[in-house]
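Peer 1: Fold the following, please.
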Amino acid sequence: MARISRKRSSRSRRSGGDEASVVIAAGPEAVYDVVSDITNMGRLSPECTGGRWIGGADGPAVGARFRGRNRRGLIRWSTTNLVTAANRGREFTFETRQSGARWRYLFEPTGDGTSTIVTERREFWRRQPLWARTATRFALGGTATHHHEMVDGLAATLGRLKELMEQEDAPRGRRGRGRRRGRSAARRR
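Peer 2: Numbers count the residues shown, from 1 in each chain. Below is the predicted model:
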């Protein structure tokens, strides 16, 4: 089981947000490439099922927009997101228009350079619109319940990321399409 540290704020909207961190045995660029591949976010997140770049964007860059797909039980919805930081191997941040949430992923190499400390933060850059608060209350089990699920989701996302990155055939290189270790690499030789 991955050791994941969490900071839960009961008043995240005022205190700067919630976060979770984990150490992953992979370089920061490789981890960034997996996190910033929003088309495959569904393999990491317990709520987001993936996304697609919109408005001519084809990858992570400041100003790029993407449509996120989400689900909770039978309920499905989409979000419109704007990338506000895209520094490969350092930070990937986007803001969700519908909820007012800012999702920030920070990548810090460890002292020996063989691992990365990954921190995921959820903070609010603006007040959540009334319609979103109403939908959260009635469709997603209530504001407090959904808030706790989102905080727990930070740790779940990082746990899945750690598992994915540390398996033998983990994605390596830009956009996760680089060379792989293990049997698949041996087959190419």
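Peer 1: can you give me the strands for the chain?
Peer 2: Here the chain has its strands, by DSSP state E, at 4-7, 18-24, 48-54, 65-72, 75-87, 91-96, 101-109, 116-124.
Peer 1: Which stretch among the ones you listed approaches Leu154 most closely?
Peer 2: Set against Leu154 and scored by Cβ to Cβ, the strands of the chain come closest in strand 18-24, at 3.9 Å. Backbone N, C-alpha and C define where each C-beta goes, glycine included.
Peer 1: just to revisit the earlier point, mind putting the strands of the chain into TSV with mean neighbour count?
Peer 2: Below are the strands of the chain laid out as TSV (neighbours: other Cβ atoms under 10 Å):
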stretch	mean neighbour count
strand 4-7	16
strand 18-24	22
strand 48-54	16
strand 65-72	17
strand 75-87	16
strand 91-96	21
strand 101-109	20
strand 116-124	20
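Peer 1: Let me have these in JSON lines, adding mean pLDDT and distance to Leu161 as columns.
Peer 2: Below are those laid out as JSON lines (pLDDT from 0 to 100; distance: least, Cβ to Cβ, whole Å):
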{"stretch": "strand 4-7", "mean pLDDT": "59", "distance to Leu161": "10"}
{"stretch": "strand 18-24", "mean pLDDT": "94", "distance to Leu161": "7"}
{"stretch": "strand 48-54", "mean pLDDT": "95", "distance to Leu161": "13"}
{"stretch": "strand 65-72", "mean pLDDT": "92", "distance to Leu161": "17"}
{"stretch": "strand 75-87", "mean pLDDT": "93", "distance to Leu161": "18"}
{"stretch": "strand 91-96", "mean pLDDT": "96", "distance to Leu161": "12"}
{"stretch": "strand 101-109", "mean pLDDT": "95", "distance to Leu161": "9"}
{"stretch": "strand 116-124", "mean pLDDT": "93", "distance to Leu161": "7"}
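Peer 1: Could I get those in a markdown table, plus columns for distance to Val35?
Peer 2: Below are the strands of the chain laid out as a markdown table (distance: least, Cβ to Cβ, whole Å):
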| stretch | distance to Val35 |
| --- | --- |
| strand 4-7 | 15 |
| strand 18-24 | 10 |
| strand 48-54 | 12 |
| strand 65-72 | 13 |
| strand 75-87 | 11 |
| strand 91-96 | 6 |
| strand 101-109 | 5 |
| strand 116-124 | 8 |
